[in-house]
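[1] quick one, structure for this:
(one chain, ligands or ions: 1)
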Amino acid sequence: CGDDHTHTHTHVQKREFPSAPLTPPSRPLQWGSLNVIHTTDSHGWLLGHQHASFPEPNYSGDFGDFASFVAHMKELALEKDVDLLLIDSGDLHDGTGLSDGFPVGGVDAHASNGFFKQLPYDLLTIGNHELYIYNNTLDMHENFAPHFPGRYLSSNVNITINNASVPVGSRFAKFKTRKGRSVTSLGVLYDFTDNDAGTTVQFVADMVKEAWFAEAIKEKPDLFLLAGHMPVARDNWPLVYDAIRAVHPLTPILILGGHSHVRNCLQFDGRSIALESGRYMETVGWLSADLPPPNTAETSQNITFSRRYLDPNRVTYEFHTGKGNFSFDTAWGKGITKGLEDLSKAFDLTFEYGVAPHDFTLSRSPFPSNDSILSLVATALPIGLAVNNTRASIPNIMITNSGELRFDIFAGTFTKNDQLTASPFMDSFLFIPNVTAGVAKGVVEGLNGGGLDAVGRRAEDVQAERWARGYVEARYREWLKEMHERDSPTRRDVAENLTLGYVTTDTCPGGVGDDTPHVALPFFSSPDYIASAAPDVSDDTPIDLVFIDFIQSDVLGVLNSLQSETVYTGDDAALYTDILMSQVLGVYAQQVWN
Ligand SMILES: O=c1ccn([C@@H]2O[C@H](COP(=O)(O)O)[C@@H](O)[C@H]2O)c(=O)[nH]1
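    So this is what the prediction gives:
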């Protein structure tokens, strides 16, 4: 490389001269009189996506680069004399080593949230991943929300402290933009039911009937700006929209949604728009609106909106800010990058468990197959969970939900960070002893069952109940499948040298929403639950039924429907091992990939 020192190239060098050629955006952004930069479902992905296989380089910008982008965009907004707001729609927890690789005694995402605090967010809202563990919610209440006084919104989410139930952040916000526009904001979480004890989520239908809600929306602002960890389609935004429209038929409503990890945009009427900006810092959303100056009398004319889904990388950021590789960085952004790299070192995130022989993917390879991460996990569970386990010699079947697996594994070094991006949840393994093999073998089938499930509920009811508990993969996979089927026959053969990435369709105006053209990712469907290979024993042999605690109620339901000898309850399940789901792949790699 021409350097005179011995080193392996670090992330910083790679960022300055991207190791993979990146396609630039197709066209400049359309600015309005009010503009929004939107992030959602970032799940700790603040160091950017660092692997070389596509589509990863599309998303290689880190949070320091993002900070520099925001700084330059703010300068541009000043030059254009327009409003520019920065908004986040939640789910800062669970996803990478930066959020989940903390030492024993720490709190998930406490350190990575410190970098969010360095960005000038105008509005943020709470996600379901802030609520799975009480201490995480408490940390958001005590250490995060106060940093954004009045702007961290949890309109329908409370935490109980000393027997008093209080909003985690604030219920609503009223503020003025730099250009003097009056804004009323809410921060809404979808109807999530799997929140930890000591936290409460009020259903959206009930929230809109609250007296505080009526009072908050009573006065007419220049615009309603609603952030929410709630998908823009097929969810409850219409309840909020209708409640506002009943009082203010013409006031502009801008909605920034999240949760289903997709890129999407729709309009409820010509004076409203709802944008959702993907996941894992794979998308930065852009929304612009041509709003009249403050205090102008309302008309019924349609508002000109535009939206764009940006691939967060330095080529995108430089293109839209008119900067070059050497003029783009700000001292502030570089400081954030350095802080993230220091955190990665402190958490030992480059610790190597082994070398992955090839890529293992969630939806780009069939299940079962050699290249499927779900197949890998089905193999890894019996090996990983056998370590230091006195029950290992008893035949077993091990089951997990596929949602525990959150990301692909790429060929090459498999580090602590890779382990946590693939499988971030610190969920435990439980077991029920003496389940006969014949019954145990039917459990995964029952869990995945279509039509009527094993306890007689309709598939739609099962899906609705799982959705409420946070199961969102089905929606994201539907999106991938749809883009794959739509895109592949027509464009893949033409290809125009396009790289792999998201190919979005939505119903918002302004042409294609994706900022950078791509060819759609391959897609293969996979089951919601997976199991290790059944032991080679007769059906009446008693075996251990091992499963991840996150799916305990589902497993008990199916188990009780498959036999009538015992009515199993949570009391029949005991801890199988100290090894957590977030550790299994590392334990496996140490044994098999070394
Ligand atoms: O302990 C847990 C918590 C969550 N999951 C999975 O996560 C998704 C919800 O994640 P979103 O980012 O809100 O989409 C849920 O579907 C579960 O599959 C888990 O497995 N274990």
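
[2] contact partners for the closest residue to the ligand within the stretch 51-200 of the chain?
    Nearest to the ligand in the stretch 51-200 of the chain, going by Cβ to the nearest ligand atom, is Asn128, at a distance of 4.9 Å. From N, CA and C alone the C-beta is placed, and that goes for glycine too. Contacts for Asn128 (Cβ atoms under 8 Å, 6 or more residues apart in numbering) come out as Gly90, Asp91, Leu189, Tyr190, Phe192, Asp194, Asn195, His229, His259, Gly470.

[3] so Thr413 is in which element?
    If you go by DSSP states H and E, Thr413 is part of strand 412-415.

[4] which non-adjacent residue is nearest Val315?
    Leu22 (4.3 Å; Cβ to Cβ, 6 or more residues apart in numbering).

[5] helix, strand or coil for that neighbour?
    On the three-state scheme (DSSP: H, G, I helix; E, B strand; the rest coil), Leu22 is labelled coil.

[6] where's it relative to the ligand, distance?
    Remark: distance between Leu22 and the ligand (Cβ to the nearest ligand atom, to the nearest Å) = 26 Å.

[7] and what of Thr569?
    Counting by Cβ to the nearest ligand atom - Thr569 and the ligand are separated by 21 Å.

[8] how about the residues of the stretch 401-550 of the chain near the ligand?
    Counting by Cβ under 6 Å from any ligand atom, the positions of the stretch 401-550 of the chain adjacent to the ligand are Asn401, Gly403, Glu404, Phe425, Asp427, Gly470, Tyr471, Val472, Glu473, Phe550.

[9] go with 5 Å
    Contacts of the stretch 401-550 of the chain with the ligand, taken as Cβ under 5 Å from any ligand atom, map to Gly403, Glu404, Phe425, Asp427, Gly470, Tyr471, Val472, Phe550.

[10] most neighbours of all these, which one?
    Within those, most neighbours by other Cβ atoms under 10 Å means Phe425, with 23 neighbours.

[11] can you report phi and psi for the residue in the stretch 301-450 of the chain positioned nearest to the ligand?
    In the stretch 301-450 of the chain, the residue found nearest to the ligand is Gly403; the distance is 1.8 Å by Cβ to the nearest ligand atom. Per-residue torsions, Gly403: phi -60, psi -20 (degrees, to the nearest 10).

[12] for it, give me its contacts.
    Counted by Cβ under 8 Å, 6+ apart, Gly403 has contacts Tyr471, Val472, Glu473, Asp528, Phe550.

[13] so how far is Asn401 from the last one?
    In other words, Phe550. With the distance defined as Cβ to Cβ, to the nearest Å, Phe550 ends up 6 Å from Asn401.

[14] again, but for the first one
    Distance of Tyr471 to Asn401, given as Cβ to Cβ: 8 Å.

[15] joint contacts of the two?
    Asp528.

[16] what does the protein put close to the ligand?
    Residues of the chain lying close to the ligand (Cβ under 5 Å from any ligand atom) are Asn128, Gly403, Glu404, Phe425, Asp427, Gly470, Tyr471, Val472, Phe550.

[17] let's see that with 8 Å instead.
    Proximity of the chain to the ligand (Cβ under 8 Å from any ligand atom) is limited to residues 41, 43, 91, 94-95, 127-129, 132, 194, 259-261, 279, 400-404, 406, 425-427, 466, 469-473, 476, 548, 550-551, 581.

[18] shaky segments in this protein?
    1-19, 450-459, 488-496 (pLDDT under 70).

[19] give the buried residues for stretch 284-301.
    Buried residues in stretch 284-301, counted by 16 or more other Cβ atoms under 10 Å: Val284, Gly285, Trp286, Leu287, Ser288, Ala289, Leu291.

[20] re earlier: from the contacts of Gly403, pick the one nearest Phe347.
    Phe550 (23.7 Å; Cβ to Cβ).

[21] still on that earlier bit, adding secondary structure, write the contacts of Gly403 out as JSON lines.
    Output for the contacts of Gly403, formatted as JSON lines (three-state DSSP):
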{"residue": "Tyr471", "secondary structure": "coil"}
{"residue": "Val472", "secondary structure": "coil"}
{"residue": "Glu473", "secondary structure": "helix"}
{"residue": "Asp528", "secondary structure": "coil"}
{"residue": "Phe550", "secondary structure": "helix"}
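
[22] can I get these in CSV including distance to Asp108?
    Shown next, in CSV, are those (distance: Cβ to Cβ, whole Å):
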residue, distance to Asp108
Tyr471, 20
Val472, 19
Glu473, 21
Asp528, 24
Phe550, 15
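
[23] name the helix or strand for Ala589, please.
    Here Ala589 is assigned to helix 581-592, by DSSP H and E.

[24] oh, that last question was meant for Arg475, not what I typed.
    helix 473-491.

[25] which outside residues touch that helix?
    With Cβ under 8 Å, 6+ apart, helix 473-491 has contacts from 231, 234, 260-262, 279, 363, 402-403, 463, 466-467, 498, 502-505, 519-523, 525-526, 528.

[26] export only the CA atoms of stretch 288-300, formatted as PDB.
    Only the C-alpha atoms of stretch 288-300 are listed here, as PDB (Å, rounded to 0.1, in the frame of the first residue of the first chain):
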ATOM      1  CA  SER A 288     -39.700  17.500   1.400                       C
ATOM      2  CA  ALA A 289     -42.900  19.500   1.400                       C
ATOM      3  CA  ASP A 290     -43.700  22.800  -0.300                       C
ATOM      4  CA  LEU A 291     -45.500  24.400   2.600                       C
ATOM      5  CA  PRO A 292     -46.700  28.000   2.600                       C
ATOM      6  CA  PRO A 293     -45.000  30.500   5.000                       C
ATOM      7  CA  PRO A 294     -46.200  30.300   8.600                       C
ATOM      8  CA  ASN A 295     -49.700  31.600   9.500                       C
ATOM      9  CA  THR A 296     -50.900  31.600   5.900                       C
ATOM     10  CA  ALA A 297     -54.600  30.900   5.500                       C
ATOM     11  CA  GLU A 298     -55.200  27.200   4.600                       C
ATOM     12  CA  THR A 299     -56.400  26.100   1.200                       C
ATOM     13  CA  SER A 300     -57.600  22.700   0.000                       C
END
